[in-house]
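Chemist: okay, here's the prediction I keep looking at, along with the sequence it came from:
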Amino acid sequence: MTTHEEDADVSVVLERVKTGVNAFDELVMGGLPRGRTTVVGGTPGSGKTVFATQFLAHGITTHGENGVLVTFEEPPADIEANMRGFGWDLSAWRKQGLLAFVDASPSASDELVIGEYDLAALLSRIEHAAKTINARRVVLDSLTQLFDHFIGDPKVLRRELFRISSALKKAKLAVLMTAERTNEYGEITRHRLEEFVADNVVILRNVLHREKRRRTIEVLKMRGSHHAEGEAPFTLLENKGVVAVPLSSLRLEQQSSMIRVTSGNRAIDDMCGGGFFRDSVTLVSGATGTGKTLLVTNFLAGGVATGEKAILFGYEESKGQLFRNANGWGVDFAQMEADGKLKVICLYPEAQALPDHLLTIQGLVDEFQPNRVAIDSISALERIAPDVGFREFLISLTSFIKKREIAGLCTATSKSLVGGESASEQHISTLTDSIILLRYIQQQDTMHRGLMVLKMRGSEHAKEIRRFTIDGSGMHLGEPFKQAPNVFAGAEFEYGR
Amino acid sequence: MTQPVLRLYIAGTSATARRAEKQFAHLLGLIRPEWKVEIIDVLERPELAEKAGILATPTLSYEHPERSRRIIGDLSDAKRVLEFLGIEMMGIPHDHA
């Protein structure tokens, strides 16, 4: 049902209306177009009402654009109560004339529908509300409820919805309608009503994958403009609403500086050609007990010793354990924390979903403003993640660290004791700038520890495998192995002569 | 006062609206004359539609504090309409218009 008038509209640059979900606005090239209708589809509990309300709230609080909320499901009082938890005081805005409700929730009276009718009364009420408060945004939540309400010919409702949508568009309002879906993947909405009213279609999903909920947002269609494809993860946060996780894979724009910072171990600095780069991410990979956490400890202490601030996210050990370990190597984490130079956060990976972990990390980094950040370990987080989500997480995490121009260190645990690669290592190796391998190396009847710098982006580095030992004062690098063992091949025996 | 009211909500002067008015007039001929009656044009008085929670036109609403009832759409079957609304018809059986 495209008219010539609408086709002509496409050629002009559409004014973009920010939704308040930043990462989403990026997906749709700046926001939802004004004078267009967007249908947001999702299964029950997928976050449609929150998304729609945030669209109005953001207009009111940030852009001075008033909004009308047409509710077909819950009465306004319930919505006001439900949305308070996201930090939106709808009743205050209503009293100030910034927000108006059109209450189309099921009434208490008995109703009978016979024959032909139209929804002129509904349209008239919406237009009246919009005019009264000079609204620029309108939300209809949810259309499906309207279809369930008027049992009868769905054709009539589609025609009427089309009329309402056209009238609101003509009034230059940004229109957002929600609609229910029965399945996460399948028919776009029940009653296929998006075909009649939607210029744009957005899908919210809430998929159960390996006993974890994964929420995503996808732009399915944007009439007359471009949009990013694929599902972007999001989460629902208290006092914030919908927070989408930016897929930084879209852009590779982080700066690359040549400033070196210490790894916390002079010998490793030398192997790396003078230390890590400031805005780079280094991966330390090794089997359990090879000294990964020690390297992390050195990395943090080395930064603090030069006056930097450091933050550690621990997912394997408790804070007490980490502090005790550090003490064992002569590093006093407690004092550093007391001085405000160090922050240690320990969380169970299972405590929250992966996108939430990412937001936690970002939130604390922005709050604490450290110069370096360590994550021990990435593999522990991989445990809770569905495969797709983990790669997205790593991409977002590494690009976040680089954008903040801080030095990052992540650890990954390889599964086998000797050699081998962990899955997270495969995931992350292309994303990190430097890789340090810690390996057990068997020579004849002795087990040694070996360290090598596998990769150092933009710099020379030592190629040899160095023997090292660990004692009460930390890590000590020794001579290189003469008979180079194969550090990747697992349990291969190298017999020196 | 708790005097029951019969309200007809229509939209403008469309053919549908005029037909509904006619059917309503016919209905009124079948019931007691002391009924309070109003016709509301939702395009002119959207705030009254808002207050009553009207979505569709035409809607015939029997507004009563104890039990409100509404019929949406076609009002030509006067007997069925009045039966649903629970309003007694007067005296002689009537031919349907």
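Modeler: Now that the structure is in, tell me what you want to look at.
Chemist: Three-state assignment for residue A:273, please.
Modeler: On the three-state scheme (DSSP: H, G, I helix; E, B strand; the rest coil), residue A:273 is labelled coil.
Chemist: spit out the contact partners of it.
Modeler: A:456, A:459-462 (Cβ atoms under 8 Å, 6 or more residues apart in numbering or on different chains). All C-beta atoms are positioned from the backbone trio N, CA, C, and that covers glycine.
Chemist: for it, phi and psi?
Modeler: Dihedral pair for residue A:273: phi 80, psi 20, per degrees, to the nearest 10.
Chemist: and the pLDDT for it?
Modeler: Residue A:273 is assigned a predicted lDDT (pLDDT) of 84.
Chemist: how about the one 5 residues further on?
Modeler: The predicted local confidence for residue A:278 comes out at a pLDDT of 84.
Chemist: that one reaches residue A:405, doesn't it?
Modeler: Yes: the pair residue A:278 / residue A:405 is scored as a contact, 6.4 Å apart, by Cβ atoms under 8 Å.
Chemist: more crowded one of these two?
Modeler: Taking neighbours as other Cβ atoms under 10 Å in any protein chain shown, residue A:278 and residue A:405 compare with residue A:278 leading, 19 against 15.
Chemist: tell me how far the more buried one lies from residue A:369.
Modeler: Separation of residue A:278 from residue A:369 (Cβ to Cβ, to the nearest Å) stands at 14 Å.
Chemist: got the residues of chain B near chain A?
Modeler: By Cβ under 8 Å from any Cβ of the partner chain, the residues of chain B that approach chain A are B:9, B:11-12, B:16, B:42-43, B:46-47, B:49-50, B:53-59, B:61, B:67-75, B:77, B:80, B:84.
Chemist: the same query, at a cut-off of 7 Å, please.
Modeler: Selection of chain B residues close to chain A by Cβ under 7 Å from any Cβ of the partner chain yields B:9, B:11, B:16, B:42-43, B:46-47, B:49-50, B:53-58, B:68-74, B:84.
Chemist: buried ones only from those residues, please, as a ChimeraX command.
Modeler: Applied in ChimeraX, the following selects the buried portion of the residues of chain B next to chain A according to 16 or more other Cβ atoms under 10 Å in any protein chain shown:
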select /B:9,11,16,42,43,46,49,50,53,54,55,56,57,58,68,69,70,71,72,73,74,84
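Chemist: so of the residues of chain B next to chain A, which ones are in strands?
Modeler: B:9, B:69-73 (DSSP state E).
Chemist: tabulate the residues you listed (a markdown table), appending pLDDT.
Modeler: Output for those, formatted as a markdown table (pLDDT from 0 to 100):
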| residue | pLDDT |
| --- | --- |
| B:9 | 96 |
| B:69 | 91 |
| B:70 | 93 |
| B:71 | 93 |
| B:72 | 93 |
| B:73 | 92 |
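Chemist: local confidence estimate at the residue of the stretch 351-497 of chain A at minimum distance from chain B?
Modeler: With Cβ to the nearest Cβ as the measure, residue A:355 is the residue of the stretch 351-497 of chain A nearest to chain B, at 38.6 Å. The model reports residue A:355 with a pLDDT of 83.
Chemist: in three-state terms, label it for me.
Modeler: Here residue A:355 is helix, with the state taken from three-state DSSP.
Chemist: residue A:245 is in contact with that one, correct?
Modeler: Yes: under the criterion of Cβ atoms under 7 Å, residue A:355 makes contact with residue A:245 at 4.8 Å.
Chemist: okay, and the common contacts of the two?
Modeler: A:233-234 (Cβ atoms under 7 Å, 6 or more residues apart in numbering or on different chains).
Chemist: which residues are in contact with stretch A:17-36?
Modeler: So stretch A:17-36 is in contact with A:14-16, A:38, A:54-55, A:57-58, A:62-63, A:137, A:169, A:172, A:174-175, A:199-200, A:217, A:219, A:222, A:225-228, A:232, A:242, A:244-246, going by Cβ under 7 Å, 6+ apart.
Chemist: can I have the buried ones of the residues you listed as a PyMOL selection?
Modeler: Selecting only the buried entries of those in PyMOL, with 16+ other Cβ under 10 Å as the criterion:
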select buried, chain A and resi 14+16+38+54+55+57+58+137+169+174+175+199+200+217+219+222+225+228+232+242+244+245+246
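Chemist: can you narrow the contacts of stretch A:17-36 to ones near chain B?
Modeler: Of those, not one also sits near chain B (Cβ under 7 Å from any Cβ).
Chemist: so where's the stretch 301-450 of chain A uncertain?
Modeler: Within the stretch 301-450 of chain A, the stretches with pLDDT under 70 are A:386-388, A:415-429.
Chemist: need the pLDDT of residue B:23.
Modeler: pLDDT, residue B:23: 94.
Chemist: ok, now which ones touch it?
Modeler: The neighbours of residue B:23, taking Cβ under 7 Å, 6+ apart as the test, are B:75-76.
Chemist: wasn't it part of a helix?
Modeler: Yes: assessed with three-state DSSP, residue B:23 lies in a helix.
Chemist: for residue B:90, see how far away it is.
Modeler: 17 Å.
Chemist: check residue A:469 too.
Modeler: With distances taken as Cβ to Cβ, residue A:469 is found 108 Å from residue B:90.
Chemist: likewise for residue A:30?
Modeler: As judged by Cβ to Cβ, residue A:30 and residue B:90 stand 66 Å apart.
Chemist: neighbour count: those two, which is higher?
Modeler: Taking other Cβ under 10 Å, residue A:30 and residue B:90 do not tie; residue A:30 has more neighbours (14 against 10).
Chemist: that one in helix, strand or coil?
Modeler: Residue A:30 - assigned by three-state DSSP - is coil.
Chemist: show me the strands in the stretch 151-300 of chain A, by range?
Modeler: Shown for the stretch 151-300 of chain A, the strands assigned by DSSP state E, counting those that start in this stretch span residues A:174-180, A:200-209, A:212-222, A:231-237, A:241-244, A:260-261, A:276-277, A:281-286.
Chemist: reformat those as JSON lines; add distance to residue A:84.
Modeler: Conversion of the strands of the stretch 151-300 of chain A to JSON lines gives the following (distance: least, Cβ to Cβ, whole Å):
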{"stretch": "strand A:174-180", "distance to residue A:84": "20"}
{"stretch": "strand A:200-209", "distance to residue A:84": "21"}
{"stretch": "strand A:212-222", "distance to residue A:84": "21"}
{"stretch": "strand A:231-237", "distance to residue A:84": "14"}
{"stretch": "strand A:241-244", "distance to residue A:84": "12"}
{"stretch": "strand A:260-261", "distance to residue A:84": "45"}
{"stretch": "strand A:276-277", "distance to residue A:84": "46"}
{"stretch": "strand A:281-286", "distance to residue A:84": "40"}
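Chemist: wait, which of these is closest to residue A:91?
Modeler: Within the strands of the stretch 151-300 of chain A, the stretch nearest residue A:91 is strand A:241-244; the backing value is 17.0 Å (Cβ to Cβ).
Chemist: how far does that closest one sit from its chain's centre?
Modeler: Offset of strand A:241-244 from its chain centre (Cα atoms, centre = their mean, to the nearest Å): 9 Å.
Chemist: how about the CA coordinates for it, as PDB?
Modeler: Extracted as PDB, the C-alpha positions of strand A:241-244 are listed here (Å, rounded to 0.1, in the frame of the first residue of the first chain):
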ATOM      1  CA  GLY A 241      15.900   0.500  30.700                       C
ATOM      2  CA  VAL A 242      17.100  -1.100  27.500                       C
ATOM      3  CA  VAL A 243      20.900  -0.900  27.200                       C
ATOM      4  CA  ALA A 244      22.100  -2.400  23.900                       C
END
